[in-house]
Every structure is written in structure tokens, then in C-alpha cells.
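Engineer: Quick one: sequence and predicted model below, then my questions.
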Amino acid sequence: MSEQSTLLLKRQLKELSKNPVEGFSAGLVDDDNIFEWEIVIMGPQDTLYEGGFFRAIMTFPPDYPLMPPKLKFTTEMYHPNVYPNGEVCISILHPPGEDKYGYEQASERWSPVHTVETILVSVISMLSSPNDESPANIEAAKELRENYPSFKKKVQRLARRSADEF
């Protein structure tokens, strides 16, 4: 499987290099490792994250695309769907099949049809519309609901800092 995964990832990287997608850039952390990509997501316009440049690492398993990659922000991120350690928690990055907690439909979870592009478009969408129903960062979700001005100030400060560090 690993050889097929390598070929697929090389093809996706080549496609993104030839036809960049607005809102993010992607490349290899190390040219000798196709399974680890460095991602930069530009904070989406008209969101609290606007103007920010958020770095992340996307790590692909050897059995990709049967199993999803992991995406972890290396830039500090404050968002209900991002764990405090930076790991992104969205349905399409959850293993395929039924959710043992019954929260997600199997159709919402990972499917081999997803690509780096569809994953990152989903992450950009997540930044635009946080889901505070099933948070990875409980503190961020609570602050978003109960003290929006404070949440907004914190996120905008992080976006400015990320732009300064970029």
C-alpha cells in the first residue's frame, strides 16, 4: 500500500504546485519524506482569523488514502475544533465507518475520495464557521458562546502575531 500512497501523494503535490488553490499553500517538510507536508493556511477573509498565516503539519499514514492524515497547527491556534496541542478535529479527518459515539454519520467521516485540497478547504471552512457543539477545545467553545468579545480579541491577537512571525 505504501508504494501506492507515495504515488498518490506525489501526484497530489504536483497538482497543487501546478494549480495552487487560494487560501493555502502546501509543500514537503523534507524532500525525502512524501508523508509529511508543511501547510500554510491564510486566515479566511471576513473571519476573526483574517490576515493570519497559520502553519501546520499534515502527516499521512502509510495506508493513505484508506485512512486519513492528521493535521496539526504549529502556529498557536485558538478555535473550538482545534485541540490545545494544535491537532485539528473535523469529521473528514476521523477514521472511516460508524462513529462509536453516534455523533457523526459514516458519510461525514473520512473517505478515500478526499485529497489534500478537499481537506484544507474543509479546514478553511472550519475557521469560518466553528462548531461549538462537539468541541476539541472546550475552553474556546465556552468562550465563543459565553464571552464572544473576549474570544474575538484572543483570536485576532493570534492572527496578528502569526502574520508578524511569518
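Structural biologist: Yes, it's here. Numbering: from 1, shown residues only.

Engineer: only C-alpha atoms for contact and neighbour calcs from this point on.
Structural biologist: OK.

Engineer: Let me see the contact set for the residue minimising distance to the centre of the chain.
Structural biologist: When CA atoms, centre = their mean is applied to the chain, the residue found nearest the centroid is Val123 (4.3 Å). Going by CA atoms under 8 Å, 6 or more residues apart in numbering, Val123 touches Ile90.

Engineer: same check, this time on Leu9
Structural biologist: Going by CA under 8 Å, 6+ apart, Leu9 touches 34-35.

Engineer: tell me which element it is part of?
Structural biologist: Remark: Leu9 resides in helix 2-18, with elements defined by DSSP states H and E.

Engineer: got the CA positions of that helix in PDB?
Structural biologist: Output of helix 2-18 as PDB, limited to C-alpha atoms (Å, rounded to 0.1, in the frame of the first residue of the first chain):
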ATOM      1  CA  SER A   2       2.800   2.400   0.900                       C
ATOM      2  CA  GLU A   3       4.100   2.500  -2.800                       C
ATOM      3  CA  GLN A   4       0.600   3.400  -4.000                       C
ATOM      4  CA  SER A   5       0.300   6.000  -1.200                       C
ATOM      5  CA  THR A   6       3.600   7.500  -2.300                       C
ATOM      6  CA  LEU A   7       2.500   7.800  -6.000                       C
ATOM      7  CA  LEU A   8      -0.900   9.300  -5.000                       C
ATOM      8  CA  LEU A   9       0.800  11.900  -2.700                       C
ATOM      9  CA  LYS A  10       3.400  12.800  -5.300                       C
ATOM     10  CA  ARG A  11       0.500  13.300  -7.800                       C
ATOM     11  CA  GLN A  12      -1.500  15.500  -5.400                       C
ATOM     12  CA  LEU A  13       1.600  17.600  -4.600                       C
ATOM     13  CA  LYS A  14       2.400  18.100  -8.300                       C
ATOM     14  CA  GLU A  15      -1.200  19.100  -9.000                       C
ATOM     15  CA  LEU A  16      -1.200  21.700  -6.200                       C
ATOM     16  CA  SER A  17       2.200  23.000  -7.400                       C
ATOM     17  CA  LYS A  18       0.800  23.400 -11.000                       C
END
